[in-house]
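Engineer: I'll drop the sequence and a predicted model, then ask my questions.
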Amino acid sequence: MSETSIRRNDDGGRYELSIDGEIAGYAEFRQRPGEIIVTHTQTLRAYKGQGVATRLTEWLLADARERGERVVPKCPFLVEYLETHHEFDDIIDRG
């Protein structure tokens, strides 16, 4: 079994998903008061096709909701994800 962890790295401006201690993917963001602007999601080549970006996106959105932040989706992956996952509409600013 692989050990998966996700963390918000405020200093690096990204959420990071690690598998067995190695970064498998990340979502970059910029922060403004009360919101985060998600600009890019990347899955590293060795982890493509394993649902890394989806797990990372779901965690990012849940974390933003818990923090009381709104999310501004600028990342194409996130925009596409939100087209079929309307449970997060309450925290999304499509701007």
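Structural biologist: That came through, no problem.

Engineer: For the helix ranked longest in the chain, name the packing helices and strands.
Structural biologist: Using DSSP state H to define each element, the chain has its longest helix at helix 52-67. Helix 52-67 sits against strand 4-9, strand 14-19, strand 22-32, strand 35-43, strand 70-73, helix 76-84, with contacts defined as 3 or more Cβ pairs under 8 Å, 6 or more residues apart in numbering; DSSP states H and E. (Each C-beta comes from the backbone N, C-alpha and C, glycine too.)

Engineer: just how off-centre is that helix within its chain?
Structural biologist: From the chain centre to the centre of helix 52-67 is a distance of 5 Å (Cα atoms, centre = their mean, to the nearest Å).

Engineer: How about stretch 13-28?
Structural biologist: Relative to its parent chain, stretch 13-28 has a centroid offset of 10 Å by Cα atoms, centre = their mean.

Engineer: Quick one: the helices and strands packed on helix 52-67 as a markdown table, columns for distance to residue 49 too.
Structural biologist: A markdown table is the format used below for those (distance: least, Cβ to Cβ, whole Å):
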| stretch | distance to residue 49 |
| --- | --- |
| strand 4-9 | 15 |
| strand 14-19 | 13 |
| strand 22-32 | 11 |
| strand 35-43 | 9 |
| strand 70-73 | 23 |
| helix 76-84 | 14 |
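
Engineer: who wins for proximity to residue 59 among those?
Structural biologist: For those, the distance to residue 59 is smallest for strand 4-9, at 4.6 Å, taking Cβ to Cβ.

Engineer: Low-confidence ranges, the protein, go.
Structural biologist: Scanning the chain for pLDDT under 70 picks out 1, 95.

Engineer: ok, now with 90
Structural biologist: Of all residues in the chain, those with pLDDT under 90 make up the ranges 1-2, 94-95.
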